[in-house]
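In: Can you look at this prediction? I've put the sequence above it.
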Protein chains: 2
Amino acid sequence: MALLVIGSLAFDDIETPSGRVERVLGGSATYFACAASYYTPVQLVGAIGYDFPDQHLAFLEARGVDISAVERMKDTPTFYWSGRYGDDLNEAQTLAVQLNTLEKFQPRVPEQFRDSKYVFLANDSPKNQLAVLDQLRAPELVLCDTRDFWIKDHRDSVIDVIRRSHGVVLNEGEARMLAQERNLVSAGRKIIELGARIVIIKKGEYGAFLITLTDRFAIPAYPVERVEDPTGAGDSFAGGLMGSLAQQNGSSVTQLKAAMVCGTVTASFCVEAFSVEAFRNLDRQALDQRYQEFTRFISL
Amino acid sequence: MALLVIGSLAFDDIETPSGRVERVLGGSATYFACAASYYTPVQLVGAIGYDFPDQHLAFLEARGVDISAVERMKDTPTFYWSGRYGDDLNEAQTLAVQLNTLEKFQPRVPEQFRDSKYVFLANDSPKNQLAVLDQLRAPELVLCDTRDFWIKDHRDSVIDVIRRSHGVVLNEGEARMLAQERNLVSAGRKIIELGARIVIIKKGEYGAFLITLTDRFAIPAYPVERVEDPTGAGDSFAGGLMGSLAQQNGSSVTQLKAAMVCGTVTASFCVEAFSVEAFRNLDRQALDQRYQEFTRFISL
């Protein structure tokens, strides 16, 4: 099954204890699409500026990503983010943001993608996310992401998006903020009560937690020894997760669990190198091998 | 197999977002012994002051703890700790400490306990921990705990204790400090290189991580919805863990994994009430039921 993602493509400047890179390929949809592409064909809706090099598009295409709906804005530079990680690699400090393309972007799902059954709404304004939902004709599984600032200022709209999707993937800080609950288990339950059918809470180096109407499941993160750059870990997790669900063509609890392992493993490769570098040489065999290793790591 | 623990008995004043209690029963050996007692007979070596009520001893005895080697110091009050937890229940702020009994305590393992095969050295000075090790005749599995201040000022002695034990149970901050490594996986590996055969790193609400010479294993915490009081969670985890190992009479990787589940489950009950209150009514059946539930919670 093809998987549609709507999100950002970006230039990132990133500083971590391991080094510093400038104007590298970033963006939520980029990371998501790279990760998901190991499991299923990916369709990408997003915007780039006049300064976005063709080689980045070629890279995505080579990874099996359909970039025909990537919109190039000829009068705008590409979305730019600059961030720094200290010793606590779980949290980035944003140094600069230039919205550029993101400011003007109004996601339009082209005709050929409107019947997509698996859809991921990467972080965006709830307004844009709702606009995407209006354009879908036959979604079987839509998961959405969000961010702290949307929850803070547009909580009701965020909840609307979650209700109209099938579930939400968010990090622990966002889950606490959305649910207005410190305890993560209660927070997850409360988000279910708000109308989500599937809630997946990402805890960075501490793993991830699934809660549905009937089940709960938790996994630790893969034990990466050398995290070069945590940027994109959450989007890679979501990409591996949704890619696996699209490949399995289902979202039963058993399928969700296996998909969370795929997400974990994909994200573990992502953080071992800056930007999307890890995805340049990674093949499916290495992913599957780590899948097996991780399964042993969490099995009694 | 009987299990010997050497550690503290205490009075605690505790404040958490759920409430406040004064002069309640606490101490590392107390929590450890309560937790372990569900799995195996426990022998306790520790000190109490003139003010320690007999009812606390009677409670421990009723839980199957051999208190014949609990030393009452007639001229000293009992060790006292006062702490407060904010919204982040992973970290206590110490408000006051009166060492009292702990200051004078020199652990003496009585003849009848010197052949114990399973031994836990709860947090104490490395000097005292080494003195205990000198008194043991036939230990098959000794695990030790330690604290940040011992690592800070007596790192070499802490490493000595770990080398002469079979392994160490410590929290993530202590592991990072001991290994001088931010990454927990690297930290665990480095502690193995320092001479431990078994390293178990506790991550509070994020679970625990096992590393041995040949294996690695991780589990999340049990998803407790209402944490009343995190005090003693780490010692209860260690108690459930060692109690299970003593009951299984072995420390293979498979046995260690099952024991980590016992530790997790025992600790999950502990934090649902202040002090050791949870252990007053808890029975083995409820523990086993949660063991099964937790096993499902972490199974693919």
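Out: Now that the structure is in, tell me what you want to look at. As the structure is a computational prediction, the values presented were derived from the model and not from experiment.
In: how about the residues of chain A near chain B?
Out: Residues of chain A lying near chain B by Cβ under 8 Å from any Cβ of the partner chain: A:17, A:87, A:89, A:182-186, A:189, A:203, A:205-207, A:209, A:216-220, A:223-227, A:254, A:257-258, A:261, A:295, A:297-300. C-beta here means a position set from N, CA and C on the backbone, and glycine is covered the same way.
In: quick one, strands of the stretch 51-200 of chain A?
Out: Applying DSSP state E, counting those that start in this stretch to the stretch 51-200 of chain A gives strands spanning A:65-66, A:70-72, A:80-85, A:92-98, A:118-121, A:141-144, A:167-171, A:198-202.
In: Check the stretch 1-150 of chain A for the residue nearest chain B and tell me.
Out: Chain B sits closest to residue A:87 of the stretch 1-150 of chain A, with a gap of 5.1 Å, by Cβ to the nearest Cβ.
In: That residue: what's its closest spatial neighbour, skipping adjacent residues?
Out: Using Cβ to Cβ, 6 or more residues apart in numbering or on different chains and skipping the chain neighbours, the partner closest in space to residue A:87 is residue B:182 (5.1 Å).
In: Most tightly packed of the strands of the stretch 51-200 of chain A?
Out: Each of the strands of the stretch 51-200 of chain A was given a mean neighbour count from mean count of other Cβ atoms under 10 Å in any protein chain shown, and the largest, a mean of 28, is that of strand A:118-121.
In: which helices and strands sit right next to it?
Out: Identification of packing neighbours for strand A:118-121 by 3 or more Cβ pairs under 8 Å, 6 or more residues apart in numbering or on different chains; DSSP states H and E yields strand A:3-6, helix A:126-135, strand A:141-144, helix A:233-248.
In: sorry, back to before: could I have the buried ones of the residues of chain A next to chain B as PyMOL selection syntax?
Out: Here is the PyMOL command that picks out the buried ones among these, judged by 16 or more other Cβ atoms under 10 Å in any protein chain shown:
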select buried, chain A and resi 89+183+184+185+186+189+203+205+206+207+209+216+217+218+219+220+223+224+227+257+258+261+297+298
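In: thought residue A:228 was touching residue A:17?
Out: No - assessed by Cβ atoms under 8 Å, residue A:228 is found out of contact with residue A:17, at 9.1 Å.
In: and stretch A:267-277, how far out from the chain's middle?
Out: Centroid separation for stretch A:267-277 versus its chain: 14 Å, with Cα atoms, centre = their mean, to the nearest Å.
In: Then stretch A:50-58?
Out: Taking Cα atoms, centre = their mean, the mean C-alpha location of stretch A:50-58 is offset from the chain mean by 21 Å.
In: ditto for stretch A:221-237
Out: The chain centre lies 12 Å from the centre of stretch A:221-237; the measure is Cα atoms, centre = their mean.
In: and that stretch, what's its mean pLDDT?
Out: Stretch A:221-237 carries an average pLDDT of 94.
In: Next, the distance between the ends of it.
Out: Stretch A:221-237 has its terminal residues 10 Å apart, counting by Cα to Cα, to the nearest Å.
In: How about stretch A:44-58?
Out: Termini of stretch A:44-58 sit 13 Å apart (Cα to Cα).
In: Please spell out which residues along that stretch are buried.
Out: For stretch A:44-58, the buried set under the neighbour-count rule, 16+ other Cβ under 10 Å, comprises A:44, A:45, A:46, A:47, A:48, A:49, A:52, A:56, A:57.
In: for the first one, phi and psi?
Out: Read it as residue A:44. Here is the backbone geometry of residue A:44 (degrees, to the nearest 10): phi -120, psi 130.
In: And it, how far from residue B:32?
Out: Distance from residue A:44 to residue B:32, counting by Cβ to Cβ, to the nearest Å: 54 Å.
In: Could you do the fifth one as well?
Out: Residue A:48 sits 59 Å away from residue B:32, taking Cβ to Cβ as the criterion.
In: rewinding a little: surely the residue nearest to residue A:87 and residue B:176 touch.
Out: Yes - between residue B:182 and residue B:176 there is a contact under Cβ under 8 Å: 5.9 Å.
In: so what's the residue most central in space within chain A up against?
Out: In chain A, the centroid-proximal residue (Cα atoms, centre = their mean) is residue A:235; its distance is 2.5 Å. Residues counted as contacts of residue A:235 (Cβ atoms under 8 Å, 6 or more residues apart in numbering or on different chains) are A:7, A:28, A:29, A:30, A:31, A:32, A:35, A:122, A:145.
In: Quick check: nearest residue in space to it, chain neighbours excluded?
Out: That would be residue A:31: by Cβ to Cβ, 6+ apart, it lies 3.7 Å from residue A:235.
In: returning to that earlier point: scan the contacts of residue A:235 and report the most crowded one.
Out: When neighbours are counted by other Cβ atoms under 10 Å in any protein chain shown, residue A:35 leads the contacts of residue A:235 with 35 neighbours.
In: burial measure for residue A:78, as a count.
Out: Neighbours of residue A:78 using other Cβ under 10 Å come to 26.
In: Does it touch residue A:103 like I think?
Out: No - look at residue A:78 against residue A:103 with Cβ under 8 Å: they stay out of range, at 11.6 Å.
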